[in-house]
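Visitor: no sequence on hand, only this structure:
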């Protein structure tokens, strides 16, 4: 049964656009066509546009959040993101779409998740004395990782945010205490060393007015609409259908999602559009009308070449990317080697108005070498001199991003040498 058919949808009359206009709109929205984001302010603006970007600890050629920003923010460096997170405290780490990086002004909107974590923690009677000990230690000694906390042994515990169902196991007490206090808002991540998280008291890191601000949307449905609207803004265009783009939105049924779309459309927060060749309607934020007009215009935008992160916001709905770009992407990091179609850590390549293939880079930090292990171009994409020049320019930028002084191409994918 199609739930949407039972909901009266009101709003401006939908428009129909070409497939090319949809591609151009998405690339313009993400700063991958033309230039919309530059420097520290641009990195912050892009994260605010998305609501969150995903963090993943794997570092083959930069971590996912860093890769997301390097592809569209001019002059981006890994230190820039670190400073925004842990020096300036304009961003913070918290579960949103999985473990994510969010603007600090969004802290109050996640109070219901912290409250759920507090309620969950009250189920475990062993926690309170350990939490008091951890708080005293952090207050006296400063930030600490689990291994540094004077809390030994194991306890029965589970996280309110990453758990569902019945659980009867045990976990390390130090890790449990820090994760519990982090998810319920008493701690924040002070910094990360690789995949290791170092925690400190939230009161030492964030302003009191941020920590004590009331939930701006205490009504559950208003909060759901806010989260759905953020995800539409993050991707640029979304269908009202099940999608990985909505991961992390708690307790959202199909009916509730459709109600949220209908309400946002009636309020004028989103617009309905139809894309030629795509069977069901798509929705964009009303504030993006100017970008849609630009995408449909005759304006020419310089062709750029960039490498996208595996969990890039543009790719959150991979079915949508197949529909609009004709490009299928699967992150094969967890696929057994003998079952991979491409490589362990391949990045989609955008060039001009298309997704043209995949590249497999690996940064060897110790010897300062960026290795290009492979390059796969989509069917119909010709390896021209212009494309080779664009690829080499993008690879040089990528090498600087990874602090690599030398680039080594595998012979099978190396650009042809000019005579």
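Guide: Great, that's in hand. The structure presented is a predicted model; accordingly, all values stated were derived computationally and were not measured.
Visitor: the longest strand along the chain pairs with which strands, and in what direction?
Guide: When the chain is parsed with DSSP state E, its longest strand is strand 354-364. Strand pairing for strand 354-364, determined by DSSP bridges: strand 347-351 (antiparallel), strand 369-377 (antiparallel).
Visitor: what's the most buried one of those?
Guide: Counting by mean count of other C-beta atoms under 10 Å, strand 347-351 has the highest mean neighbour count of the strands paired with strand 354-364, with a mean of 24. C-betas here are computed from N, CA, C, even on glycine.
Visitor: distance from that strand to the middle of the chain?
Guide: Centroid separation between strand 347-351 and its chain, computed with C-alpha atoms, centre = their mean, to the nearest Å, is 17 Å.
Visitor: likewise for stretch 397-416?
Guide: Chain-centre distance of stretch 397-416: 26 Å, with C-alpha atoms, centre = their mean.
Visitor: list the buried residues for that stretch?
Guide: Within stretch 397-416, the residues that qualify as buried are 397-399, 401-402, 404, 407, 409, 413, 415, counting by 16 or more other C-beta atoms under 10 Å.
Visitor: from those residues, which one has the minimum pLDDT?
Guide: Among those, residue 415 carries the lowest pLDDT, at 87.
Visitor: distance of it from residue 368?
Guide: As judged by C-beta to C-beta, to the nearest Å, residue 415 and residue 368 stand 21 Å apart.
Visitor: what of residue 137?
Guide: According to C-beta to C-beta, residue 137 stands 39 Å off from residue 368.
Visitor: go on, residue 79?
Guide: Separation of residue 79 from residue 368 (C-beta to C-beta): 17 Å.
Visitor: same thing with residue 130?
Guide: On the measure of C-beta to C-beta, residue 130 and residue 368 end up 44 Å apart.
Visitor: same question for residue 288.
Guide: For residue 288, the distance to residue 368 equals 41 Å [C-beta to C-beta].
Visitor: more neighbours: the two, which one.
Guide: residue 288 (21 against 13; other C-beta atoms under 10 Å).
Visitor: just checking, the more buried one touches residue 29?
Guide: Yes. Here residue 288 reaches residue 29: they are 6.5 Å apart, a contact under C-beta atoms under 8 Å.
Visitor: which neighbours do these two share?
Guide: Shared contacts of residue 288 and residue 29 (C-beta atoms under 8 Å, 6 or more residues apart in numbering): residue 236.
Visitor: domain ranges for this structure?
Guide: If you go by automatic domain parsing, the domain ranges for the chain are 3-106+217-296, 108-205, 305-413.
Visitor: the residue lying closest to residue 237 once chain neighbours are set aside pairs with what?
Guide: Counting by C-beta to C-beta, 6 or more residues apart in numbering, the nearest residue to residue 237 once its immediate chain neighbours are dropped is residue 282, at 4.5 Å. Taking DSSP bridges as the rule, residue 282 bridges to residue 273.
Visitor: could you measure from the nearest residue to residue 75 once chain neighbours are set aside over to residue 401?
Guide: For residue 75, ignoring the flanking residues on the chain, the nearest one in space by C-beta to C-beta, 6+ apart is residue 39 at 5.1 Å. Residue 39 sits 14 Å away from residue 401, going by C-beta to C-beta.
Visitor: of all the domains of the chain, which lies closest to residue 211?
Guide: domain 108-205 (5.9 Å; C-beta to C-beta).
Visitor: measure the closest one end to end?
Guide: Using C-alpha to C-alpha, to the nearest Å, the end-to-end distance of domain 108-205 comes out at 15 Å.
Visitor: from the chain's centroid, how far away is that domain?
Guide: Taking C-alpha atoms, centre = their mean, the mean C-alpha location of domain 108-205 is offset from the chain mean by 24 Å.
Visitor: report the rounded mean pLDDT for the helix or strand where residue 181 lies.
Guide: In the assignment (DSSP states H and E), residue 181 maps to helix 173-183. Per-residue pLDDT values across helix 173-183 average out to 94.
Visitor: sheet partners, orientation included, of the helix or strand following it?
Guide: Using DSSP H and E, the helix or strand that follows helix 173-183 in sequence is strand 187-193. Sheet pairing here is set by DSSP bridges, and for strand 187-193 it gives strand 196-201 (antiparallel).
Visitor: report all helices and strands that the helix or strand that comes right after the strand it pairs with contacts.
Guide: With elements assigned by DSSP H and E, the helix or strand that comes after strand 196-201 is helix 202-205. Helix 202-205 is packed against strand 187-193, with contacts defined by 3 or more C-beta pairs under 8 Å, 6 or more residues apart in numbering; DSSP states H and E.
Visitor: okay, buried residues for the strand it packs on please.
Guide: For strand 187-193, burial by neighbour count (16+ other C-beta under 10 Å) applies to 187-192.
Visitor: tell me how far residue 405 lies from residue 350.
Guide: Separation of residue 405 from residue 350 (C-beta to C-beta) stands at 26 Å.
Visitor: then residue 101?
Guide: Per C-beta to C-beta, residue 101 is found 22 Å from residue 350.
Visitor: before we move on, what about residue 76?
Guide: Counting by C-beta to C-beta, the gap from residue 76 to residue 350 is 16 Å.
Visitor: next: residue 74.
Guide: Taken as C-beta to C-beta, the span from residue 74 to residue 350 is 15 Å.
Visitor: confirm that residue 40 sits in a helix.
Guide: Yes. Assessed with DSSP: H, G, I helix; E, B strand; the rest coil, residue 40 lies in a helix.
Visitor: that one reaches residue 80, doesn't it?
Guide: Yes. Contact criterion C-beta under 8 Å: residue 40 and residue 80 qualify, at 5.5 Å.
Visitor: so which residues of the stretch 201-350 of the chain form strands?
Guide: Per DSSP state E, counting those that start in this stretch, the stretch 201-350 of the chain carries strands over the ranges 270-275, 282-285, 305-307, 347-351.
Visitor: between those strands, which gets nearest to residue 126?
Guide: For these, proximity to residue 126 was assessed by C-beta to C-beta; strand 347-351 is nearest, at 44.2 Å.
Visitor: coming back round to it: go through the strands of the stretch 201-350 of the chain and pick out the most buried.
Guide: strand 347-351 (a mean of 24).
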